[in-house]
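K.L.:
Output the structure for:
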Amino acid sequence: MSAPREAGSKGDALARSIGWSQQWSAEFPYMLANHLPMILVAMQRMGADDRRLEEFCEIYRVQNGLVPVPEPKGAISRENWRDFLGDREREGDYRTFFQAQVGRLGATPTARLYLPLLFDGFAASAMHAFMRMAYATWTDNDEETAIALAYWAATYLDLGTGQGAAASTDDPLGVLAYMYGPSSFRHIVTECDLLWHNMRAVAAKPEFAPVHDMLAIGPDTMDRFARLSLALFAATGDFSLLHALTGTHWLRMMAPRSPDPAVPMRRFWQAIASLIPKIGFPDIPAAEQVEEWRRQKVPDWPEIFAEAVRHDDEHDLSLTFSASEEFKLYRDPLYNYVAAKRLGLI
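P.N.:
Next up is the predicted model:
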């Protein structure tokens, strides 16, 4: 199952490589997210040529030990599809089901029908099912849409639906600040150090239940997510906080398939809050320090992209691409800073 190398016109490599990547399960041992199809898109948008995309497929397969999609276990239908949520062994069955739904309804109608029912499990595979759906939406790829829905269903993880309480803050930082209070969050024990195991263990604490309802979603909430996630990642370079920065980009990518955008926004921030103990209760950087980082001389995006596409680390590539896309919206040089720092350019 070597990487895709077939005759074709220039530009075919991305579609061919993504098609090749679809033979592999959405996770590889031990329950880690397969980023390959999303990273291929990011690399191509950052200027990687066809040869580099094809080479990266094989590098990624070998480095991570990609495994095939699980064998079928039984039929999944519109009547029983919710009975197997969170069962990773049913990924193949869910793929078959959602492929049929996409074929019957179309990709976007299928996503808009099923995503509201999957959003409760937003933490699926540490939010990487969300990532796959974001890229599937952005590229309008039917097969990737079906695979993303199947991935979300098979790894579904609900961090709690809340208590129906009134929101207590419109500031995302206020939600994160709550996590610093209860002593139980200082004593999280997991069977292994996977992100989603940490998220699940935190959500099991009774003190976590109010988090779902805390944030009042308003017209500036996305901007607040973006500013806070960027500042925290700039301060820490933390792996978990990288997903806060990239996640704000994914929310925008997925927006056309989110009937009520407030629902995934609330679930996203709940998931980020659940990672605060894993991150180590980071200090919030002072505004003066953030401004100092902004004033640093950093490379422009063409130089950053040229370096990024030489890297084989999926998080280097994901972070750089999402930072560049968020920069287009906010024009904040701190995005250049965090990408250049991640890549070792400064």
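
K.L.:
What is the distance between stretch 238-257 and the centre of its chain?
P.N.:
For stretch 238-257, the separation from the chain centroid amounts to 6 Å (computed by C-alpha atoms, centre = their mean, to the nearest Å).

K.L.:
Report the buried residues of that stretch.
P.N.:
By neighbour count on 16 or more other C-beta atoms under 10 Å, the buried set for stretch 238-257 is 238, 240-254, 257. Every C-beta, even on glycine, is put in place using the N, C-alpha and C of the backbone.

K.L.:
Report the mean per-residue pLDDT for it.
P.N.:
Taken as a whole, stretch 238-257 has a mean pLDDT of 98.

K.L.:
Likewise for stretch 85-97?
P.N.:
Mean pLDDT, taken over the full extent of stretch 85-97, equals 98.

K.L.:
give me every residue that touches the residue nearest the centre of the chain.
P.N.:
Nearest to the geometric centre of the chain sits residue 131, at 3.5 Å (C-alpha atoms, centre = their mean). Residues counted as contacts of residue 131 (C-beta atoms under 8 Å, 6 or more residues apart in numbering) are 33, 35, 38, 246, 247, 250, 318.

K.L.:
Could you list which of those belong to strands?
P.N.:
Within those, residues falling in strands by DSSP state E are residue 33.

K.L.:
Can I get the contacts of residue 131 in a markdown table including distance to residue 52?
P.N.:
Below are those laid out as a markdown table (distance: C-beta to C-beta, whole Å):
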| residue | distance to residue 52 |
| --- | --- |
| 33 | 22 |
| 35 | 16 |
| 38 | 16 |
| 246 | 21 |
| 247 | 26 |
| 250 | 24 |
| 318 | 16 |
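
K.L.:
Can you show me the helices along the stretch 151-300 of the chain?
P.N.:
Assigned by DSSP state H, counting those that start in this stretch, the helices in the stretch 151-300 of the chain fall at 172-178, 195-203, 211-214, 221-236, 239-254, 262-274, 276-279, 287-294.

K.L.:
quick one: the second one to helix 262-274, angle?
P.N.:
Using axes from the mean of the first three to the mean of the last three C-alpha atoms, to 10 degrees, one finds that helix 195-203 and helix 262-274 are set 90 degrees apart in direction.

K.L.:
low-confidence ranges in the stretch 101-250 of the chain?
P.N.:
Scanning the stretch 101-250 of the chain for pLDDT under 70 picks out nothing.

K.L.:
packing partners for whatever helix or strand residue 95 lives in?
P.N.:
Per DSSP states H and E: residue 95 is located in helix 91-105. Secondary-structure packing of helix 91-105 (3 or more C-beta pairs under 8 Å, 6 or more residues apart in numbering; DSSP states H and E): helix 107-118, helix 142-154.

K.L.:
pull the CA atoms of the first one into CSV?
P.N.:
Looking back up the chat, that one is helix 107-118. What follows is helix 107-118, C-alpha atoms only, in CSV (Å, rounded to 0.1, in the frame of the first residue of the first chain):
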residue,chain,number,x,y,z
ALA,A,107,-22.9,16.2,1.6
THR,A,108,-24.0,19.4,3.2
PRO,A,109,-27.6,18.4,3.8
THR,A,110,-26.4,15.2,5.4
ALA,A,111,-23.9,17.1,7.6
ARG,A,112,-26.6,19.6,8.6
LEU,A,113,-29.0,16.8,9.5
TYR,A,114,-26.6,14.7,11.6
LEU,A,115,-24.2,17.3,13.1
PRO,A,116,-26.7,18.8,15.5
LEU,A,117,-27.0,15.3,17.0
LEU,A,118,-23.3,14.7,17.1
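
K.L.:
Offset the numbering so it begins at 57, please.
P.N.:
Done: numbering now begins at 57, and the last item shifts to helix 163-174.

K.L.:
what is the orientation angle of that helix with helix 318-330?
P.N.:
50 degrees.

K.L.:
How much space separates the residue nearest to residue 138 when sequence neighbours are not counted from residue 212?
P.N.:
Spatial nearest neighbour of residue 138, chain neighbours left out: residue 173 (7.2 Å); criterion: C-beta to C-beta, 6 or more residues apart in numbering. Computed as C-beta to C-beta, to the nearest Å, the residue 173 to residue 212 distance reads 10 Å.
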